[in-house]
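Visitor: Build me a structure from this.
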Amino acid sequence: MTHINAYLNFNGQTRDAMKFYQECLGGELVMQKISESPMAARMPSEMGAKILHSSLTKDDLVLMASDMLGNNIVKGNSISLCVNCSSDEEINTFFNKLSSGGNIVEPLHQSFWGATFGSLTDKFGITWIFNYSKN
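Guide: Model (predicted):
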């Protein structure tokens, strides 16, 4: 089946962000530094510790990230990560952990469409939307 996965870019914060997301969401985290890749010879030595590619995988959840955009990152509001949860416990756990150090935009509540819903901006400036429908 074809999937679209979220790919985040950070300016040197990929390692911290992805470790934080692993603590919040669980899963297996794999990170490759630039110094561990064939690209290392073509990059300035100070780039060696930056993350070329990382992926966090838990079941069907796949979140990827990199430091490769350098200083070209502009934080905006055009992208949100939507997590469709499978239980009350899961939505509460993810929401509470990801909101740590961030800003709750809309607390978890019962929405008009019958689902538990809420949104937040995490401490790295990423917007997360949570939805759990019992049906």
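Visitor: dump the residue contacts of the nearest residue to G26 once chain neighbours are set aside.
Guide: Once flanking residues are discounted, G26 sits nearest to K58: 5.2 Å by C-beta to C-beta, 6 or more residues apart in numbering. All C-beta spots, glycine's among them, are computed from the backbone N, C-alpha and C. Going by C-beta atoms under 8 Å, 6 or more residues apart in numbering, K58 touches L25, G26, G27, E28.
Visitor: pLDDT value on the third one, please?
Guide: Per-residue confidence for G27 comes out at a pLDDT of 97.
Visitor: on that earlier part again, what is the residue nearest to G26 paired to in the beta sheet?
Guide: Note on K58: beta-bridge partners by DSSP bridges are L61.
Visitor: sorry, back to before: pull out the buried members of the contacts of K58.
Guide: Restricting the contacts of K58 to buried positions leaves L25, G26, with burial counted as 16 or more other C-beta atoms under 10 Å.
Visitor: So which of the contacts of K58 are in strands?
Guide: Among these, the residues falling in strands (DSSP state E) are E28.
Visitor: mean confidence for stretch 13-22?
Guide: Stretch 13-22 carries an average pLDDT of 96.
Visitor: tell me the phi and psi of the spatially closest residue to N103 that is not a sequence neighbour?
Guide: Once flanking residues are discounted, N103 sits nearest to T121: 4.8 Å by C-beta to C-beta, 6+ apart. Main-chain torsions, T121, degrees, to the nearest 10: phi -110, psi 120.
Visitor: what about the residue nearest to G26, distance to L25?
Guide: Note on K58: its distance to L25, by C-beta to C-beta, to the nearest Å, is 6 Å.
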